[in-house]
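Q: Just a sequence and a predicted model for now, questions to come.
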Amino acid sequence: MTRRRLLVGGAAGVGLVVAWALWPRDYAVNLTAAEGETIFGPWLKIGADGQVTVAVPQAEMGQGVYTALPQIVADELGADWRTVSVEPAPINPLYANRLAARILFEDALGDVPEPLRGRHAEAQTLMLTAGSTSVRAFEEELRQAGGAARILLCKAAARRWDTDWHSCDTVDGFVVMASQRERFGSLAADAAEESLPGGDLPLRTGEEKRLTGQSLPRLDAPAKVDGSANFAGDIRLPGMVFAAIRQGPIGDSRLVRVDRAAADRVRGVSAVIENPNWVAAVGETWWAANRALDALAPRFETRGALVDSASIDAALDSALDGEGSRMTSVGDLAGAFKDAQVVTADYRVGAALHAAIEPTAATATWRDGRLTLWMPTQAPALARAAAARTLGIAEDRVVLHATIAGGSFGANLEHRVAEQAALLARRLGKPVQLTWSRSETCLHDRYRPPAAARMTARLGKGGGVAGWLCKIAAPAVGHELSQRLLAGDTTARAAMLRPRGGDTLAVDGAVPAYAIPALAVDHHPADIGVPTGYWRSGAHSYTAFFNECFLDELAHVAGVEAHSFRMAMLGGNPRLARCLSTVATLGGWQGGIPGSGQGLACHQMRGSHIAVMAEARMGAGGQVKVDRLVAAVDCGRQINPDLVLQQIEGGLMFGLAAALGASTGFTDNLADVRGFGDMNLPGLADAPEVSVEVIRSDADPGGVSELAVPPVAPAIANAVMAATGVRLRRLPLLPEDA
């Protein structure tokens, strides 16, 4: 392993590459450098003007990853935050997110030994933004990158000053020693010639850290405010045309007829492209293309049984009454239930839409046997591979530019739009921007799966819960996701061909956080005929609803106040207990007495803990009205407290939307919801007062972006019970349930 390596792609004339001991030996860095830039490994570039550029492999969807990850590097490097910028990392196995791969594809990769899973993620270039993993997955690598560059800069400065590099430090973009100072920019090229010391790199600790823990301004905010940030719909290329698409209903649908003559009469329309599964209209503007779709009046033939809300409910009921697979077992549950009086309750949640503000879109161009794509994606390498397979070309013939996203919440893990845009670009021979209408985005979402649960418990003689059984009927969402996203992965395909039991991703979060001596979780796979996918917080969004509503019911049966009932079982979980006690104090918990309209829920996931108190009531027409949400959070050490607060507040509102709407039923293989107006989303006038307390902690950082979503719905349902005496056991919390 040499100390210097040439840039991949023949760009040796514009920069230098510095390697350090932690680089995998089989992967080369493929960052590109402008004139005067020096590349320090896969994460970092420093320009002669002192500009520090951090390569970020995670998708920026509003969660602040374009700030948090550069902040880690800048802190270790000793950079001036005003000189730090960010760029999307190129597709490279070096940026594989092993932690997200483990979360999303647990069952598909379950037979791969743990030490080899990381290598598998690299081999398949599983660059993934999911599961609240960005900081957790990359913090150590980013610290190493910043620390390595700092040492090399100190060595270069020490050589100029004829001193020991250990006496040098970096601060605000300078290498300093006593009264001597030298800018990063003037040292970068020389630093590339230096070598790293053997052994572990000395990283900053404690008081040496200057940027970690500070609410530094977001790097992506100025461009989003002034409009210079490019989303997928902002891409403009010479000669580009615009396409709109209409896809067949859910299931085995085939296009059988279109009215081309009617489409030809729409001004500005230049082409109609038919595919067995869809039809696209192409025009000078997207509006013209979308109008042409209506004129085309496409007709599809759907084979097989029709899917509607009743058939989905029947499939869940049948699965729940059938045989399940035991996913988790603790203690002697049979003994705990033997000859005991048990409490049981059934719960149900509907299919949820991702409902991101940005519609599904991609821009593509085909030239000289090469495809270039611009799109927001949470899995760029998988999207590139899918586009290549669709066209029957090698992956290295596809260049993908990942744009920032206007939300996503898991929707951009999927890549159908990349496949469609690729086909259109090759067929048209010119750049094309494909955008799904809002209706199309709703009709062809990969929904958060509907689910049903049957909860059974035995109360202990001295208080608390002695036995707990959770049966969940839900589609095998993890298996579906793996089949779609890992279609080109031979290892995963072989694993998915084997007989399967339960699905880990479908019951994620179902094990309660409380000390229960005997418990079990069963998954009852349900074939509902509707495609499902990953949604912000995944199964935690419904398993927390099942658990925390049922806990409240058990507290009521036991005659114990809901807060005390929970606290008594959290002795072995001090972090969650502190969240619960903090939210009760902050929110002025009145004990959940009838008429108080107060409800509690708590949850833990991705290494973080949260408790939520809601104040809710029934408004006019039986609509649930939420007046207040209070949250207490322990997410470990914070890189940027403002980002944490933004994600918790945003998650609370996202959870509120999911509690009251953001769901759809189905009729004749089509979703009933066609736009935001059909989703019963809360507006500004419905937004509750929100208070958040983030508890200081020195624990390792936990996940944040999904954390606040799961406990909101159960807290509201429990508050409605306190306000009205009516127990709502179905999501969304609609008036008919009252």
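A: Nice, I can see it. Numbering: from 1, shown residues only.

Q: Helices of the stretch 101-250 of the chain, start to end?
A: Counting by DSSP state H, counting those that start in this stretch, the stretch 101-250 of the chain has helices at residues 114-123, 134-161, 184-191, 221-226.

Q: mind putting the ones you listed in TSV, mean neighbour count and distance to residue 209 included?
A: Every residue, glycine included, has its C-beta placed from N, CA and C. Listed next are those as TSV, based on neighbours: other CB atoms under 10 Å; distance: least, CB to CB, whole Å:
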stretch	mean neighbour count	distance to residue 209
helix 114-123	15	27
helix 134-161	23	10
helix 184-191	22	18
helix 221-226	12	23
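
Q: closest one to residue 552 among those helices?
A: Shortest separation from residue 552 across the helices of the stretch 101-250 of the chain is recorded for helix 134-161, at 31.1 Å, computed as CB to CB.

Q: any idea of the mean pLDDT for the helix or strand containing residue 420?
A: Assigned by DSSP states H and E, residue 420 falls within helix 416-428. Confidence over helix 416-428 (mean pLDDT, whole number) is 98.

Q: Distance of the most centrally placed residue in the chain relative to residue 531?
A: The residue lying closest to the centre of the chain (CA atoms, centre = their mean) is residue 130, at 3.5 Å. As for residue 130, its distance to residue 531 is 17 Å (criterion: CB to CB, to the nearest Å).

Q: next one: residue 150
A: For residue 150, the distance to residue 531 - CB to CB - is 48 Å.

Q: Three-state assignment for the closest residue to residue 720 other than its chain neighbours, please.
A: Of all residues not flanking residue 720 in the chain, residue 616 sits nearest, at 5.3 Å (CB to CB, 6 or more residues apart in numbering). Of the three states, residue 616 takes strand under DSSP: H, G, I helix; E, B strand; the rest coil.

Q: Run a quick neighbour tally on residue 616.
A: For residue 616, the neighbour count with other CB atoms under 10 Å is 29.

Q: Quickly list what it is bridged to.
A: On DSSP bridges, the residues paired with residue 616 through beta bridges are residue 626.

Q: Quick check, it in contact with residue 599.
A: Yes. Residue 616 lies in contact with residue 599 (CB atoms under 8 Å); the separation is 6.9 Å.

Q: Spit out the residues that contact the two alike.
A: Taking CB atoms under 8 Å, 6 or more residues apart in numbering as the criterion, residue 616 and residue 599 both touch 716, 719-720.

Q: mind listing the strands for the stretch 301-450 of the chain?
A: For the stretch 301-450 of the chain, the strands defined by DSSP state E, counting those that start in this stretch cover 325-330, 343-349, 351-352, 361-367, 370-375, 398-402, 432-435.

Q: would you turn the ones you listed into TSV with mean pLDDT?
A: Shown next, in TSV, are those (pLDDT from 0 to 100):
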stretch	mean pLDDT
strand 325-330	97
strand 343-349	98
strand 351-352	98
strand 361-367	98
strand 370-375	98
strand 398-402	97
strand 432-435	98
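
Q: could those strands be laid out in TSV, adding distance to residue 134 and mean neighbour count?
A: Formatted as TSV, those follow (distance: least, CB to CB, whole Å; neighbours: other CB atoms under 10 Å):
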stretch	distance to residue 134	mean neighbour count
strand 325-330	27	15
strand 343-349	27	18
strand 351-352	23	25
strand 361-367	23	25
strand 370-375	19	22
strand 398-402	14	22
strand 432-435	27	27
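
Q: so which of the ones you listed gets nearest residue 217?
A: strand 398-402 (22.9 Å).

Q: quick one: the closest one to strand 361-367, angle?
A: Here the directions of strand 398-402 and strand 361-367 differ by 150 degrees (axes from the mean of the first three to the mean of the last three CA atoms, to 10 degrees).

Q: who does strand 398-402 pair up with?
A: Strand pairing for strand 398-402, using DSSP bridges, gives strand 370-375 (parallel).

Q: Between helix 416-428 and the strand it pairs with, find me the angle.
A: Going by the same axes, to 10 degrees, strand 370-375 makes 140 degrees with helix 416-428.

Q: Please consider this matter closed, and thank you.
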